[in-house]
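**Student:** When you get a sec, could you give me coordinates for this:
(one chain, ligands or ions: 1)
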Amino acid sequence: TNDQLSQWDRDSFLHPSTHLAQHARGEVQGRIIIGGEGCYITDRDGSRLLDAFAGLYCVNVGYGRTEIADAIAEQARELAYYHAYMGHGTEASVTLSKMVMDRAPDHMSKVYFGQGGSDANETNVKLVWYYNNIRGLPRKKKIISRWRAYHGSGLMSGSLTGLNLFHRKFDLPLDMVRHTTSPYYYRRDTREMSEPLFSAQCAADLEQLIDTEGADTIAAFIAEPMLGTGGIVPPPEGYWEAITPILEKHDILLIADEVITGFGRLGHMFASPAYGLTPDIMTIAKGLTSAYAPLSGSIVSEKVWKVLEQGTDENGPIGHGWTYSAHPIGAAAGVANLKLIDSLGLVENAATVGPYLTAQMQAALGDHAHVGDIRGEGMLTAVELIADRDSRTYFDPDRKITPQIVAAMGRRGVIARAMPQGDIIGFAPPLCLTREEADTVITATTEAVAEVLG
Ligand code: PLP
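**Tutor:** Alright, predicted model coming up:
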């Protein structure tokens, strides 16, 4: 029964990213989801909800795709597992590596498979350290990330994350990590500053940090091409053009974390080429399998590969592997998923319906006294709320304005996300969202904002 499940849940289940004490007291109203189709999910109470966050920005092809379910079942029946150590593989993992590299930018060389985005970023840092050790640069190890970045919850990936919630009480960030200015134009200190000037300021802050630390100690700069969990923030005009020459000048690798942006979310297969970036390493996860099974990847460029190759010639096998690297079930899901993204034209759909969602949201809510900014790219949209538009004062976080609005949307059958820092409503629907479904999302948002803020 529902009551029994709730009891078991409270007694037994230690949930991720949850207020543990409130959950144990029964004050957190989580849903138990039992089914999904297209953009909709169904919970145990029989409610059907339009999931405008695709789980956690990951169910890119939508729910209930039998092609992927069948591929997983077939793989499980034929061969549920074999490892990828010492050059082993499965048909699925080898095929997926080829399909990923066919889609990756031309200068990229090979993909290492893991389980999720966090462990892929752990792998990336180890590869960067290995790279500089082989090059005889053992001091060049620090990684620069940005405030408001999200790169995962592991010891290193959680350190790279630039959100206080993920550091607090965990003794993070680790020593080897530094954070620089977030490219968050809306929340700039100086109102009069133009976007290009703000970008130049971000670049100057980065260069200053590199100078202070010493370029010979900095190995890599990690960034989401467009900030995700930190607030869904497209880069301001001129940002990447100002940042990348600094990295090149100081021999600092660029790790592009495409966990959210990869496989179509911004209306491009990958965001890096769209922003003119040529990353040395790319992180992929989420859209790689549309979350039908856990799988992630670290894609390395030819430049990095050449050094890794030399490293193992000198030192033997690379001492880094997971039992579940390139898990065949994840790989089978990935192969079926990438075929579906192509055959359904989902990258193109994200490039048209996504901007429609953002534009219609602007038309519906842009003039509201408590809506400060509506922004987005592809199928990734944010509505930022503000107490006072003119003086740019934010709501007291204790008022929990966004959680209230998101709850009011839930009562109207639409799921959005209260982003973890600031009053920001996030939208990252499955890439198969239709215009009619986008309209449903906008109506629910408008009504919920009116209910909570008038
Ligand atoms: N990197 C980015 C940009 C993410 O958005 C996330 C998760 O949301 C991660 C890394 C971590 O991925 P995972 O939760 O699969 O470990």
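**Student:** Can you give me the neighbour number for the residue in the chain positioned nearest to the ligand?
**Tutor:** Ranking the residues of the chain by distance to the ligand (Cβ to the nearest ligand atom) places residue 117 first, at 2.3 Å. In this view, the C-beta of every residue, glycine as well, is placed from N, C-alpha and C. A total of 29 residues lie near residue 117 under the criterion other Cβ atoms under 10 Å.
**Student:** and the gap between it and residue 152?
**Tutor:** Residue 117 sits 5 Å away from residue 152 when distances are taken as Cβ to Cβ, to the nearest Å.
**Student:** was I right about residue 215 contacting residue 252?
**Tutor:** Yes: with contact taken as Cβ atoms under 8 Å, residue 215 and residue 252 are classed as touching, separated by 7.2 Å.
**Student:** so what sits against both of these two?
**Tutor:** Contact criterion Cβ atoms under 8 Å, 6 or more residues apart in numbering; residues shared by residue 215 and residue 252: none found.
**Student:** Between the two, point out the one with more neighbours.
**Tutor:** Taking neighbours as other Cβ under 10 Å, residue 215 and residue 252 compare with residue 252 leading, 22 against 14.
**Student:** quick one: contacts for the residue nearest to residue 97 when sequence neighbours are not counted?
**Tutor:** Nearest non-adjacent residue to residue 97, counting by Cβ to Cβ, 6 or more residues apart in numbering: residue 111, 5.3 Å away. Taking Cβ under 8 Å, 6+ apart as the criterion, residue 111 is in contact with 97, 100, 101, 104, 284, 297, 298, 299, 300.
**Student:** and residue 111, that's in a helix?
**Tutor:** No: read with DSSP: H, G, I helix; E, B strand; the rest coil, residue 111 is strand and lies in no helix.
**Student:** Can you tell me how far it is from residue 60?
**Tutor:** According to Cβ to Cβ, residue 111 and residue 60 sit 18 Å apart.
**Student:** The ligand next: which of the contacts of residue 111 are close?
**Tutor:** Among those, proximity to the ligand is found for none (Cβ under 6 Å from any ligand atom).
**Student:** Looking at these, which are in helices?
**Tutor:** 97, 100, 101 (DSSP state H).
**Student:** Select from those residues the one having the most neighbours.
**Tutor:** residue 100 (23 neighbours).
**Student:** Next up, the contacts around it.
**Tutor:** When contacts are counted by Cβ under 8 Å, 6+ apart, residue 100 is found next to 111, 284, 288, 297, 299, 334, 338.
**Student:** Of those residues, keep whichever come out buried.
**Tutor:** Among these, those classed as buried by neighbour count (16 or more other Cβ atoms under 10 Å) are 111, 284, 288, 297, 299, 334, 338.
**Student:** how about those residues in a markdown table, adding distance to residue 400?
**Tutor:** A markdown table is the format used below for the buried ones among the contacts of residue 100 (distance: Cβ to Cβ, whole Å):
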| residue | distance to residue 400 |
| --- | --- |
| 111 | 41 |
| 284 | 34 |
| 288 | 34 |
| 297 | 37 |
| 299 | 39 |
| 334 | 38 |
| 338 | 39 |
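**Student:** which among these gets closest to residue 189?
**Tutor:** residue 284 (34.3 Å; Cβ to Cβ).
**Student:** Quick check: that closest one touching residue 300?
**Tutor:** No: taking contacts as Cβ under 8 Å, residue 284 lies outside contact range of residue 300: 11.8 Å.
**Student:** between the contacts of residue 111, which is closest to residue 410?
**Tutor:** Top of the list for closeness to residue 410, among those and by Cβ to Cβ, is residue 284 at 30.3 Å.
**Student:** Dig out what that closest one forms beta bridges with.
**Tutor:** Bridge pairing for residue 284 (DSSP bridges) gives the partners residue 297.
**Student:** Show me what from this structure comes close to the ligand.
**Tutor:** With Cβ under 6 Å from any ligand atom as the criterion, the chain meets the ligand at residues 56, 116-118, 121, 150-152, 224, 228-229, 257, 259-260, 285.
**Student:** so of the residues you listed, which ones are in helices?
**Tutor:** 56, 117, 118, 121.
**Student:** where's the nearest residue to residue 92 once chain neighbours are set aside, which helix or strand?
**Tutor:** What sits nearest to residue 92 in space, not counting adjacent residues and going by Cβ to Cβ, 6+ apart, is residue 331, at 3.7 Å. Counting by DSSP states H and E, the element that carries residue 331 is helix 328-343.
**Student:** which secondary structure elements does that helix contact?
**Tutor:** Counting contacts by 3 or more Cβ pairs under 8 Å, 6 or more residues apart in numbering; DSSP states H and E, the secondary-structure elements packed against helix 328-343 are helix 66-78, helix 91-103.
**Student:** Just the CA coordinates for the next helix or strand after that helix, please, in CSV.
**Tutor:** Tracing the chain past helix 328-343, the next element assigned as helix or strand by DSSP H and E is helix 346-365. Output for helix 346-365, consisting of C-alpha atoms alone and laid out as CSV, is shown next (Å, rounded to 0.1, in the frame of the first residue of the first chain):
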residue,chain,number,x,y,z
LEU,A,346,15.6,15.5,-31.4
VAL,A,347,18.6,17.9,-31.8
GLU,A,348,16.6,19.8,-34.3
ASN,A,349,13.5,19.7,-32.1
ALA,A,350,15.5,21.1,-29.2
ALA,A,351,16.7,23.9,-31.6
THR,A,352,13.1,24.9,-32.4
VAL,A,353,10.8,24.0,-29.5
GLY,A,354,13.4,25.1,-26.9
PRO,A,355,13.6,28.7,-28.1
TYR,A,356,9.8,28.7,-28.5
LEU,A,357,9.5,27.8,-24.8
THR,A,358,11.8,30.5,-23.7
ALA,A,359,10.2,33.2,-26.0
GLN,A,360,6.7,32.3,-24.9
MET,A,361,7.8,32.3,-21.3
GLN,A,362,9.2,35.8,-21.9
ALA,A,363,5.9,36.9,-23.5
ALA,A,364,3.8,35.5,-20.6
LEU,A,365,6.0,36.5,-17.7
